[in-house]
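Participant: Have a look at this prediction, sequence included:
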Amino acid sequence: NAGVMQNPRHLVRRRGQEARLRCSPMKGHSHVYWYRQLPEEGLKFMVYLQKENIIDESGMPKERFSAEFPKEGPSILRIQQVVRGDSAAYFCASSPGDNNNEQFFGPGTRLTVL
Amino acid sequence: AQSVTQLGSHVSVSEGALVLLRCNYSSSVPPYLFWYVQYPNQGLQLLLKYTSAATLVKGINGFEAEFKKSETSFHLTKPSAHMSDAAEYFCAVSTGFQKLVFGTGTRLLVSP
């Protein structure tokens, strides 16, 4: 059973470009979470999605950031018009949706904005 | 709202010594508590979790943690440190079917 997959593992963008981060949850998992880890800091929640629905986006910046989890395909975290402050590691986690909320993390995408 | 405080951003121990990483939580409802480990440039791996069953939880790699409601603590321990334990450790809390709230992490350094 493959774990949570994220791609790309490393992404370099220039200021003003768009970044698209992909997350394929573990087989059988219908819940996806995105977290951001700034250098030397802990992980901060961004958004929680189920198939085709955003459940909690309380951690998402109000502008430039969006997320989706379509019926088919991976979950996408999209950052428009990136700025240097967006440079971070972005982690995706998935869970099966049972009540103990064990989340399984992917290896992360490290975004560098030049 | 939930929160987690990890005391000590860095902890140094000698190989073979006791490891103690501290975590205190705040939650208005019975919490679920987790410890994760992160090796450099990697994702997070679950060490152990507390989900309202036994208060002493055993995890992987010889780690364990004890849930103490009266102290709102969930400290992580290991009797004897190995060099391979050097990593960043994160305590996290949730109230079930929701996001995890992480502490700021503790970097464990193990010297020979």
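Facilitator: Perfect, thanks for sending it.
Participant: ok, the most centrally placed residue in chain A to A:M5 distance?
Facilitator: Centroid-nearest residue in chain A, with CA atoms, centre = their mean: A:W34, separated by 3.6 Å. A:W34 is 14 Å from A:M5, where distance means CB to CB, to the nearest Å. The way it works is simple: take the backbone N, C-alpha and C, and place the C-beta from them, glycine included.
Participant: again with B:Y39
Facilitator: B:Y39 is 18 Å from A:M5, by CB to CB.
Participant: Looking at the two now, which is surrounded by more residues?
Facilitator: Comparing B:Y39 with A:M5 by other CB atoms under 10 Å in any protein chain shown, the one with more neighbours is A:M5, at 15 against 12.
Participant: give me every residue that touches the more buried one.
Facilitator: A:C23, A:S24, A:P74, A:G106 (CB atoms under 8 Å, 6 or more residues apart in numbering or on different chains).
Participant: Retrieve the pLDDT associated with the second one.
Facilitator: By that I understand A:S24. A:S24 is assigned a predicted lDDT (pLDDT) of 97.
Participant: Ok, the last one next?
Facilitator: pLDDT recorded at A:G106 is 94.
Participant: Then the third one?
Facilitator: The confidence metric pLDDT takes the value 95 at A:P74.
Participant: for chain A, what are the nearby residues on chain B?
Facilitator: B:32, B:34, B:36, B:41-46, B:49, B:51, B:90, B:94, B:96-105 (CB under 8 Å from any CB of the partner chain).
Participant: Make a PyMOL selection of whichever of these turn out to be buried.
Facilitator: Buried residues among the residues of chain B next to chain A (16 or more other CB atoms under 10 Å in any protein chain shown), as a PyMOL selection:
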select buried, chain B and resi 32+34+36+43+44+46+49+51+90+94+98+99+100+101+102+103+105
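Participant: So which of the residues of chain B next to chain A are in strands?
Facilitator: B:Y32, B:F34, B:Y36, B:L44, B:Q45, B:L46, B:K49, B:F90, B:S94, B:V101, B:F102 (DSSP state E).
Participant: one step back: the residue nearest to the centre of chain A: what's it in contact with?
Facilitator: Counted by CB under 8 Å, 6+ apart, A:W34 has contacts A:C23, A:F45, A:M46, A:V47, A:A67, A:S75, A:L77, A:Y90, A:F91, A:C92, A:A93.
Participant: excluding its backbone neighbours, what's nearest it?
Facilitator: A:M46 (4.4 Å; CB to CB, 6 or more residues apart in numbering or on different chains).
Participant: Cool, thanks, signing off.
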